[in-house]
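Generate a structure from the sequence data that follows.
(one chain, ligands or ions: 2)
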Amino acid sequence: MSSSEEKKAQVFDKSKVTVIFVLGGPGAGKGTQCANLVNDLGFCHLSAGDLLRAEQNREGSEYGEMIRTYIKEGQIVPMEVTIKLLENAMNAALAEGLPGEGWADGKGRFLIDGFPRKMDQAQKFDNEVCECSLVLFFTTTEEEMLKRLLKRGETSGREDDNEESIKKRFRVYKEQTMPVIEHYTKLHKAATIDATATIEEVHQKAKAVVEEVFSGQVNRNITA
Ligand code: C5P
Ligand code: MG
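Residues are numbered from 1 along each chain as shown. Ligands and ions are numbered 1, 2, ... in the order given. Got it, this is the predicted structure:
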């Protein structure tokens with residue numbers, strides 16, 4: 001995919017492009033919270049899962065069937081595919097620009113939702129694409145997440161919002177995503193937010209944390 005020369009530099013300039021990863025178990029409310037944060041600070045919200053589903057449904061995609069199988073099984077799609085989709089979406093957003101000072105002079109700010117789900121994705125993205133500034137980590141109980149996902153499944157049309165797939169997603173989350181959160185905690189980049197409260201309460205906490213990033217106080221772990 002990329003030559004060894006390309007690997008030396010990151011694709012995006014960290015002094016211009018701010019990346020915040022948004023993690024949490026399936027059904028923790030990542031997408032909902034991102035949608036609210038977009039309006040607060042002029043983010044571009046990119047959901048890795050949404051990008052994968054769009055690629056799965058894109059006519060002529062060579063990855064469509066592969067993605068479908070991984071998603072149904074709750075497994076993590078090979079990182080090259082997901083990272084390329086994210087990179088393309090970031091480039092498109094930067095080319096188009098968004099209103100607000102956060103997007104002036106080639107700058108941009110991204111909330112990347114549901115990524116990185118696995119250590120290899122975290123390392124490759126930080127080293128080669130753009131080092132993240134913060135990881136928002138939404139936590140709640142498995143019981144609460146299951147309840148939310150089954151409710152969502154009534155209307156989402158998602159092939160993985162059923163009890164069998166959900167159980168698999170919980171297992172993959174514990175085995176593969178929790179180490180990612182531990183990694184960022186060690187780097188003092190993780191902000192843990194209890195997502196059991198109401199959407200608005202969680203939003204206020206998340207907003208306060210994100211505002212700290214833009215005022216330069218990010219180098220510590222936060223629990224809210
Ligand atoms: O985040 P979301 O729940 O939309 O993700 C749905 C599925 O997409 C995951 O269970 C996984 O199969 C796939 N995915 C992935 N890598 C990511 C994000 C999502 O493989 N970084
Ligand atoms: Mg989502």
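
now the strands for the chain?
Secondary structure of the chain (DSSP state E): strands at 17-24, 44-47, 108-113, 134-139, 190-194, 222-223.

for the second one, the distance to its chain's centre please.
For strand 44-47, the distance between its averaged C-alpha position and the chain's averaged C-alpha position is 8 Å (CA atoms, centre = their mean, to the nearest Å).

Looking at it now, give me its mean pLDDT.
Here strand 44-47 scores 98 as its mean pLDDT.

how about the strands of the chain, which one is nearest Glu65?
Using CB to CB as the measure, strand 44-47 is the one of the strands of the chain that comes nearest Glu65, at 21.0 Å. All C-beta atoms are positioned from the backbone trio N, CA, C, and that covers glycine.

same for the closest one, what does it pack against?
Contacts defined by 3 or more CB pairs under 8 Å, 6 or more residues apart in numbering; DSSP states H and E place strand 44-47 against helix 30-41, helix 79-96, strand 108-113.

deepest of the ones you listed, which one?
strand 108-113 (a mean of 25; mean count of other CB atoms under 10 Å).

can you give me the end-to-end distance of stretch 172-190?
Terminal residues of stretch 172-190 lie 20 Å apart, using CA to CA, to the nearest Å.

likewise stretch 66-84?
By CA to CA, one end of stretch 66-84 lies 15 Å from the other end.

rewinding a little: among the helices and strands packed on strand 44-47, which is nearest Asp194?
Among these, the nearest to Asp194 by CB to CB is helix 30-41 (12.0 Å).

who touches that closest one?
Under the criterion CB atoms under 8 Å, 6 or more residues apart in numbering, residues 22-24, 43-45, 47, 102, 109, 111, 113-114, 136, 138, 195, 199, 202-203, 206-207, 210-211, 214 lie in contact with helix 30-41.

Surely Val180 and Gln123 touch.
No: with contacts counted by CB atoms under 8 Å, Val180 stays clear of Gln123, the gap being 9.6 Å.

is it possible to export the helices and strands packed on strand 44-47 to JSON lines including mean pLDDT?
Converted to JSON lines, those look like this (pLDDT from 0 to 100):
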{"stretch": "helix 30-41", "mean pLDDT": "95"}
{"stretch": "helix 79-96", "mean pLDDT": "98"}
{"stretch": "strand 108-113", "mean pLDDT": "97"}
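
Sketch out the low-pLDDT regions of this structure for me.
Across the chain, residues meeting the criterion (pLDDT under 70) sit at 1-8, 217-222, 224.

Need the residue closest to the centroid of it.
When CA atoms, centre = their mean is applied to the chain, the residue found nearest the centroid is Asp113 (2.2 Å).

and this structure, which residues reach ligand 1?
26, 48-49, 52, 70-71, 74-77, 82, 114-115, 117, 121, 160, 169 (CB under 6 Å from any ligand atom).

among the residues you listed, which ones are buried?
Buried members of those, counted by 16 or more other CB atoms under 10 Å: 26, 48-49, 52, 70-71, 74, 76-77, 82, 114-115, 117, 121, 160, 169.

which of the residues you listed sit farthest apart?
Checking those with CB to CB, the most distant pair is Gln121 and Asp160, at 18.5 Å.

picking that back up, among the buried ones among the residues of the chain next to ligand 1, which lie within helices?
Secondary structure from DSSP state H places Ala48, Gly49, Leu52, Tyr70, Ile71, Thr82, Gln121, Arg169 of those in helices.
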